[in-house]
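Trainee: predicted model and sequence follow; I will ask about them next.
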Amino acid sequence: MRFDRDSKVYTVIFTFIVSFTFLVILSGLNVMTSQQVKKNQELFMIRAVLNAMGIPYTSDEEAIGLFKSKVTMEMKDSYNLFSTEVDGEKVYAILFSGSGLWGNISGVLAVNSDVSRIVGIDFISQSETPGLGGRIEESWFKEQFRNEAIVDGKVLVSATKVSESRDDGQVDAITGATLTSKSIERIIATYIPILKSLLGVN
């Protein structure tokens, strides 16, 4: 049976066949890559946990090995709570998720045993503006939080220049990205009481 290539029936059948072929190809690619995507997501999480806890590594393989040998993970009240010892001090970390300016920001927040200081922070995913809010992933911004005191249950991310003291509970915001910077402040303030509750700290 032959179809007139100018007919509507031919157009419909041709479109269906092409669409079905691409659907099969895309489904096959999705199946083939899903395991790798899952492995990559796990690796992003592992690296973020180690970075936040202040555990150095030089390769992905070393990161995986250190995570398995040094970090304990447990579920508490539906939260993943990580723990380890760094320089003889107990460190705890939690996965966080919160709203940024343009979308969700997820990462890891690590604190000391009495939740009086932030040990470190790292990000797993974010969709903030490149060159502005996206700079939350830059080392200079994250390192400001390293060993910073938690004052009144939060760390203030200030748009005005702050001192380099680690005891005042203040860090510098990103110039031109005040809303994203304040989102990080808000996320930290949300997860500090959660960590205190999980660790039984008053």
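Mentor: Received, thanks.

Trainee: tell me where the model's unsure across the protein.
Mentor: Counting by pLDDT under 70, the chain has low-confidence residues at 1-7, 9-10, 27-37.

Trainee: one more time with 90
Mentor: Residues of the chain that meet the criterion pLDDT under 90 lie in 1-41, 159-165, 202.

Trainee: those strands in it, which residues are they?
Mentor: Along the chain, the segments classed as strands by DSSP state E run 72-76, 79-86, 89-99, 104-112, 117-125, 148-149, 156-158, 170-172.

Trainee: turn those strands into a markdown table, including mean neighbour count and distance to residue 178.
Mentor: The C-beta positions use only the backbone N, C-alpha and C, and glycine is treated the same way. Listed next are the strands of the chain as a markdown table, based on neighbours: other C-beta atoms under 10 Å; distance: least, C-beta to C-beta, whole Å:
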| stretch | mean neighbour count | distance to residue 178 |
| --- | --- | --- |
| strand 72-76 | 10 | 34 |
| strand 79-86 | 17 | 29 |
| strand 89-99 | 18 | 15 |
| strand 104-112 | 22 | 15 |
| strand 117-125 | 21 | 18 |
| strand 148-149 | 18 | 19 |
| strand 156-158 | 19 | 9 |
| strand 170-172 | 21 | 11 |
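
Trainee: residue 192: neighbouring residues, count only.
Mentor: By other C-beta atoms under 10 Å, 21 other residues sit near residue 192.

Trainee: relative to residue 26, which of the strands of the chain is closest?
Mentor: strand 117-125 (23.1 Å; C-beta to C-beta).

Trainee: which neighbours in the sheet does that closest one have, and how are they oriented?
Mentor: strand 104-112 (antiparallel), strand 148-149 (antiparallel) (DSSP bridges).

Trainee: which residues does that strand contact?
Mentor: Contact with strand 117-125 is made by 44-45, 47-49, 51-54, 86, 91, 93, 95, 104-112, 136-137, 142, 145-150, 155, 166, 184, 188, as judged by C-beta atoms under 8 Å, 6 or more residues apart in numbering.

Trainee: make it 7 Å
Mentor: 44-45, 48, 51-54, 91, 105-112, 136-137, 142, 145-150, 155 (C-beta atoms under 7 Å, 6 or more residues apart in numbering).

Trainee: what angle separates that strand from strand 89-99?
Mentor: The directions of strand 117-125 and strand 89-99 differ by 40 degrees, with axes from the mean of the first three to the mean of the last three C-alpha atoms, to 10 degrees as the criterion.

Trainee: can I get strand 117-125 in PDB, CA atoms only?
Mentor: C-alpha atoms of strand 117-125 as PDB (Å, rounded to 0.1, in the frame of the first residue of the first chain):
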ATOM      1  CA  ARG A 117      30.600  26.900  65.700                       C
ATOM      2  CA  ILE A 118      30.200  26.000  62.000                       C
ATOM      3  CA  VAL A 119      33.000  23.600  61.000                       C
ATOM      4  CA  GLY A 120      32.300  24.200  57.300                       C
ATOM      5  CA  ILE A 121      29.700  24.500  54.600                       C
ATOM      6  CA  ASP A 122      29.700  23.100  51.000                       C
ATOM      7  CA  PHE A 123      27.200  23.100  48.200                       C
ATOM      8  CA  ILE A 124      25.900  20.100  46.100                       C
ATOM      9  CA  SER A 125      23.600  22.000  43.700                       C
END
